[in-house]
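Student: Build me a model from this:
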Amino acid sequence: MRHAKKINHLGRKDAHRKAMLSNMATSLIMHKRISTTLAKAKALRTYVEPIVTRSKEDTTHSRRMVFSELQNKYAVTELFREISPKIMDRPGGYTRILKTGFRKGDNAEMCIIEFVDFNETYTVDKSKKKSTRTRRSSKKAAAPAENVATESPAAEVEAPAAE
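Tutor: Numbering: from 1, shown residues only. Predicted coordinates:
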């Protein structure tokens with residue numbers, strides 16, 4: 001029985017798994033989107049989300065704690081400068097997993113894991129949303145009706161009588 005065994009070992013020893021997740025988290029932070037298997041993406045999500053939450057508070061202590069997980073100062077800088085301001089108001093759920101199909105060689109389920117706020121396809125700015133939104137106007141609806149009314153001879157006869 002596997003009671004209370006929540007961690008997916010991914011077929012690796014502890015040190016190998018930690019190193020792999022650290023490298024994948026660094027790649028995700030640097031590139032904002034990576035392609036991997038579904039099992040690794042789910043394990044990476046549980047690994048990287050607490051790190052991103054810690055980056056909301058830009059203190060020396062939080063930077064050192066993030067560096068102890070990632071071991072890459074460029075990724076730490078990228079996380080605190082680029083990612084942290086964008087996710088500041090988000091209460092969690094910083095990553096998204098999109099399934100892409102199956103790998104040809106071993107039929108492993110593949111996916112893309114990405115930061116939610118860095119995909120322009122799914123993210124809509126409030127200012128852009130207002131500018132692209134169109135509303136139906138009564139003028140546009142009334143204009144074709146007037147043209148139709150003036151084209152028919154019966155409408156012309158009735159129009160002066162109505163005035």
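
Student: What are the structural domain limits within the chain?
Tutor: 14-123, 131-162 (automatic domain parsing).

Student: now the residue nearest in space to the middle of the chain, nearest residue through space, not along the chain?
Tutor: Closest to where the C-alpha atoms of the chain average out (C-alpha atoms, centre = their mean) is residue 116, at 2.0 Å. Nearest non-adjacent residue to residue 116, counting by C-beta to C-beta, 6 or more residues apart in numbering: residue 96, 5.1 Å away. Heads up, the C-betas are built off the backbone N, CA and C, glycines and all.

Student: Could you pull out the strands in this structure for me?
Tutor: Here the chain has its strands, by DSSP state E, at 33-37, 95-102, 109-115.

Student: The shortest one - contacts with which helices or strands?
Tutor: Applying 3 or more C-beta pairs under 8 Å, 6 or more residues apart in numbering; DSSP states H and E, one finds that strand 33-37 contacts helix 14-31, strand 109-115.

Student: any idea which of these is most buried?
Tutor: Most buried of the helices and strands packed on strand 33-37, by mean neighbour count (mean count of other C-beta atoms under 10 Å): strand 109-115, with a mean of 19.

Student: what sits up against stretch 86-95?
Tutor: Stretch 86-95 is contacted by residues 28, 44-45, 48-49, 52-53, 56, 113-118 when judged by C-beta atoms under 8 Å, 6 or more residues apart in numbering.

Student: Cheers, nothing more for now.
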